[in-house]
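>>> curious how this folds, go ahead:
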Amino acid sequence: WPRAYGQCPRHRVERRRTGNSCRVISLRLGERELIIRGGAGVSYPHYEREEEIKRLVLWRNLTIPVEVIITTYHEVKEIVRQISQLEAEKQARAEAVALIKAGLSPQAKILGEEVKRLPQGRVDLVQVKVTLEVLENIAEPRRYEPEAPNGKGD
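As a prediction, this is how the structure comes out:
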């Protein structure tokens with residue numbers, strides 16, 4: 001009868017790109033980095049960063065420690081979405097079941113499930129306790145080693 005707890009907030013923050021972006025191109029020479037194009041700062045309050053590194057083409061055995069780094073900053077807008085009580089319970093249950101299954105053997109069979117919603121003072125959080133009825137072989141094979149006799153005569 002393994003059990004686990006799961007929780008899920010009643011709101012979710014989604015990040016969506018707005019379409020605005022800025023690009024910074026810099027040149028890395030060994031340990032130094034020089035900005036060639038674009039500013040050093042980003043004016044967006046929320047953004048996603050993508051970085052592309054291009055190395056100069058090597059010729060024979062000559063290695064040149066020079067890289068061109070193209071960094072693109074995409075502006076994102078954070079949208080807070082409320083989720084229903086039922087959906088939050090489903091996600092909390094799935095989290096708890098995943099925790100239990102991680103500790104079970106692959107041959108284990110789940111026979112039953114009990115989900116209990118836990119009361120708490122917070123309205124924006126759903127917590128559940130999941131107990132699974134599991135049929136699992138918990139025997140461990142061991143090598144038989146006879147005990148040495150305690151009597152005298154050795």
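
>>> contacts for whichever strand in the chain runs longest next, please.
Longest among the strand segments of the chain by residue count, using DSSP state E, is strand 11-29. By Cβ atoms under 8 Å, 6 or more residues apart in numbering, the residues outside strand 11-29 that reach it are 33-40, 42-44, 46, 48, 65-83, 124. All C-beta spots, glycine's among them, are computed from the backbone N, C-alpha and C.

>>> in three-state terms, label the most centrally placed residue in the chain for me.
For the chain, the residue nearest the mean C-alpha position is residue 95 (12.3 Å; Cα atoms, centre = their mean). Here residue 95 is recorded as helix under DSSP: H, G, I helix; E, B strand; the rest coil.

>>> which parts of the protein are strands?
Counting by DSSP E, the strands of the chain are 3-9, 11-29, 32-37, 47-55, 66-82, 109-118, 125-135.

>>> buried set for the second one?
Under the neighbour-count criterion of 16 or more other Cβ atoms under 10 Å, strand 11-29 has 22, 24, 26 buried.

>>> for those, which one is nearest residue 115?
When those are compared for distance to residue 115 (Cβ to Cβ), residue 22 wins out at 47.8 Å.

>>> what pairs with the closest residue to residue 118 other than its chain neighbours across the strands?
Distances taken as Cβ to Cβ, 6 or more residues apart in numbering place residue 127 nearest to residue 118, at 4.3 Å, with adjacent residues excluded. Beta bridges link residue 127 to residue 7, residue 118, judged by DSSP bridges.
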